[in-house]
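Novice: with the sequence up front, the predicted model follows.
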Amino acid sequence: MTNGANDVLDVAVDGSIARLTITRPDKRNAVSDTLMEALEAFFSNPPKDVRVVILAGEGGHFSAGLDLAEHVARNAAETMRHSRNWHRIMDMIQFGGLPVISLLKGAVIGGGLELASATHIRIADKTAFYQLPEGRRGIFVGGGASVRIGRILGADRMIEMMLTGRKYDAEEGLRLGFSHYVCDSEDDAKEKAAELATTVAENAQLSNYVMIQALARIEDMSKADGLFTESLCAALTQTSEDAQEGLRAFLEKRAPSFK
Ligand code: 1HE
């Protein structure tokens, strides 16, 4: 099934997998307000049977970040609201309960990197490069990078990356954790995404949900609170019907069949 959500985000649903494609290649998939609205519309009410989302960009780039043409006109109060709105929608992507796989290529810059870092599995091809050029534009990150990219890189490396505006290539990005995989070509990356999407979709849904909801939050907690929360999550998943099926399937040497 394919619905053209609107002219900036194409949404194609095929069984349990939804493929979202940013369709602004002429603007290098820069993140406009309309694109954020389209992402919000999908993630706030995803189709019922969807288990995994694959997010990609049309053309040679994942995303060149914030649409700078729109940004020029904002005053301080509007910028604050805009930034908080991005935080809200990025949180929806990260904590909406659906695993999201992003396909990274070409520019993964500024807000494009913020968007990628809200996704759970990041697959790059060799053309991908990563940059936080906000210093060069006289601005600062505003879509969650201080927290999400800060977590991936550590504040020290992120400061250096921002001060110098340096570009990391695909292999460096893999080493640093911007991506989890690098494939030789875009086609290989798509194939890898489809394979991983199938694997993830076959997991018990409650296990996936808890992984997404709990692990990033536990990172924010004290050790004692984190361990307590882990036990609550274990109690929730390990007493589910799917857990009984998963354990039985292992002992019976067969693949599990989850609800
Ligand atoms: C854009 C944008 C954009 C391209 N907003 N219009 N992001 C940046 O600072 C990255 C800015 N972009 C670039 O560095 C380059 O465009 C690329 C390296 C991504 C691609 O280069 P190239 O040579 O293939 O394309 P181009 O000729 O630079 O751009 C093609 C068109 O896309 C052109 O428009 P045209 O009407 O003249 O054809 C560009 O203006 C347009 N375009 N990038 C608007 N970003 C919540 S805070 C987040 C803060 C940030 O994200 S800061 C980082 C912003």
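Specialist: That came through, no problem.

Novice: identify the residue spatially nearest to residue 207, adjacent ones excluded.
Specialist: Of all residues not flanking residue 207 in the chain, residue 237 sits nearest, at 5.4 Å (C-beta to C-beta, 6 or more residues apart in numbering). Where C-beta positions appear, they are placed from N, C-alpha and C, glycine not excepted.

Novice: residue boundaries of the helices in the stretch 151-259 of the chain?
Specialist: 155-164, 170-176, 186-202, 205-219, 223-238, 241-251 (DSSP state H, counting those that start in this stretch).

Novice: show me the contacts for residue 111.
Specialist: By C-beta atoms under 8 Å, 6 or more residues apart in numbering, residue 111 lies in contact with 31, 63, 65-66, 86, 142-143.

Novice: what stretches of the chain score poorly on pLDDT?
Specialist: 1-6 (pLDDT under 70).

Novice: that older thread, among the helices of the stretch 151-259 of the chain, which is nearest residue 124?
Specialist: Closest to residue 124 of the helices of the stretch 151-259 of the chain is helix 170-176 (C-beta to C-beta; 5.0 Å).

Novice: list the buried residues in the closest one.
Specialist: 170, 173-174, 176 (16 or more other C-beta atoms under 10 Å).

Novice: any idea which of these is closest to residue 184?
Specialist: The nearest one, if we look at the buried residues of helix 170-176 relative to residue 184 and count by C-beta to C-beta, is residue 170, at 10.1 Å.

Novice: leaving out chain neighbours, which residue sits closest to the closest one?
Specialist: residue 128 (4.3 Å).

Novice: now that neighbour: how far from residue 249?
Specialist: Using C-beta to C-beta, to the nearest Å, residue 128 is found at 37 Å from residue 249.

Novice: the two: which has the busier surroundings?
Specialist: residue 128 (30 against 14; other C-beta atoms under 10 Å).

Novice: which residues touch the more buried one?
Specialist: Here residue 128 is in contact with 62, 104-106, 108, 169-170, 173, 178-179, 182 (C-beta under 8 Å, 6+ apart).

Novice: and if you look at residue 186?
Specialist: 103, 105, 125, 127.

Novice: quick check: end-to-end length of stretch 50-61?
Specialist: Stretch 50-61 has its terminal residues 26 Å apart, counting by C-alpha to C-alpha, to the nearest Å.

Novice: shift numbering so it begins at 36
Specialist: Renumbered: residue one is now 36, and that last one reads stretch 85-96.

Novice: and it, how far out from the chain middle?
Specialist: Counting by C-alpha atoms, centre = their mean, to the nearest Å, stretch 85-96 is centred 10 Å from the centre of its parent chain.

Novice: please apply the same query to stretch 126-145.
Specialist: Centre-to-centre, stretch 126-145 and its host chain are 2 Å apart (C-alpha atoms, centre = their mean).

Novice: how long is it end to end?
Specialist: 17 Å.

Novice: about what we covered before: mind checking which of the helices of the stretch 186-294 of the chain is nearest the ligand?
Specialist: For the ligand, the closest of the helices of the stretch 186-294 of the chain is helix 190-199, at 10.3 Å, according to C-beta to the nearest ligand atom.

Novice: does the closest one come close to the ligand?
Specialist: No: using C-beta under 6 Å from any ligand atom, helix 190-199 stays clear of the ligand, with a minimum separation of 10.3 Å.

Novice: what of stretch 93-108?
Specialist: Yes: using C-beta under 6 Å from any ligand atom, stretch 93-108 reaches the ligand at 96, 99-104.

Novice: for that stretch, buried residues please.
Specialist: For stretch 93-108, a neighbour-count test (16+ other C-beta under 10 Å) marks 94, 96-102, 106 as buried.
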